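1. What follows is a protein structure lacking sequence information:
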């Protein structure tokens with residue numbers, strides 16, 4: 001089957017020094033001309049890691065970086081009230097982030113004109129994607145595939161019997177401490193009220209228990225079916241190193257095979273596994 005899934009380890013080529021300078025120049029001009037009021041990007045963190053950067057002034061832009069370490073999916077910030085209150089953002093976007101932007105647009109969480117995306121082309125040149133159509137066109141030219149590590153893990157799981165897979169996931173879920181870092185890192189977990197926070201009635205136990213952990217992870221995976229852009233941030237955020245991303249990857253592969261659809265490639269795409277209207281009520285949650 002043709003590979004059409006991407007994980008957080010495969011995002012963009014490492015930016016050269018020249019393109020890093022070009023990135024800062026473009027970001028500075030966008031702020032100076034008031035084209036945007038905020039730059040969402042990456043900066044050096046501690047111990048060789050990167051951190052999100054929110055630049056509102058030209059001098060803050062000097063901290064921007066964009067290299068192979070910048071795998072975090074910054075789309076998770078786009079619908080935050082704190083961000084919306086500042087104004088229009090420009091977001092430094094790897095492939096995962098761009099796909100999540102299109103998925104969020106398809107789900108009416110962002111609309112045309114809400115943002116500008118900045119990324120790299122194949123020649124390591126910084127380019128500005130001014131609208132959603134430009135993002136769609138850019139993604140059509142990007143190779144999307146699994147990492148070798150994830151391919152090996154999935155092949156290992158596929159080779160198991162159903163009983164062996166059940167045991168594997170029960171053992172993995174037993175590690176869960178119910179911190180919900182997976183939910184917080186996911187750009188598509190944007191509900192203002194989550195089922196796990198409701199206790200009248202309580203659908204999922206708050207404490208880390210065998211049944212409660214299973215209920216949480218299965219529920220979350222099914223909520224992402226047909227929507228997940230498989231950026232891998234859920235697994236990256238997990239402090240217990242549970243390979244949570246393998247579940248939506250497998251669902252995405254099945255949906256691609258059955259329905260021929262890949263999430264995060266068009267601003268107008270439907271969801272293969274659900275239907276809804278923007279005005280639907282959420283009173284059933286709590």
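-> Thanks, I have the structure now. Predicted, not measured: the structure shown is a model, and the values here were computed from it.
2. Measure how buried residue 234 is and give me the count.
-> Applying other Cβ atoms under 10 Å, we find 29 residues neighbouring residue 234. For glycine as for every other residue, the C-beta is placed from the backbone atoms N, C-alpha and C.
3. which residues touch it?
-> Contacts for residue 234 (Cβ atoms under 8 Å, 6 or more residues apart in numbering) come out as 182, 183, 185, 186, 244, 245, 248.
4. Give me the pLDDT for it.
-> We have a pLDDT of 96 for residue 234.
5. With residue 286 instead?
-> 54.
6. can you check residue 3 too?
-> You'll see residue 3 listed with a pLDDT of 38.
7. Next, residue 228: secondary structure please.
-> What DSSP: H, G, I helix; E, B strand; the rest coil gives for residue 228 is coil.
8. Any chance of the backbone angles for it?
-> When read as degrees, to the nearest 10, the backbone of residue 228 gives phi -60, psi 130.
9. That one against residue 188, yeah?
-> Yes - using Cβ atoms under 8 Å, residue 228 is in contact with residue 188, at 6.5 Å.
10. ok, these two, which is more surrounded?
-> Taking neighbours as other Cβ under 10 Å, residue 228 and residue 188 compare with residue 228 leading, 28 against 23.
11. Any buried residues in stretch 209-222, and which?
-> 212, 213, 214, 215, 216, 217, 220, 221 (16 or more other Cβ atoms under 10 Å).
12. Enumerate the helices of this structure by residue range, in sequence order.
-> Taking DSSP state H as the test, the helices found in the chain are 17-32, 58-61, 81-84, 95-106, 132-140, 148-158, 162-173, 181-185, 210-224, 233-237, 246-259.
13. orientation of the last one relative to helix 148-158 in degrees?
-> I take that to be helix 246-259. 80 degrees (axes from the mean of the first three to the mean of the last three Cα atoms, to 10 degrees).
14. Okay, buried residues for helix 246-259 please.
-> 246, 247, 248, 249, 250, 251, 252, 253, 255, 256.
15. So residue 70 sits against residue 52, correct?
-> No - with contact defined as Cβ under 8 Å, residue 70 does not count as touching residue 52 (9.9 Å).
16. Name the residues contacting each of those two.
-> residue 42.
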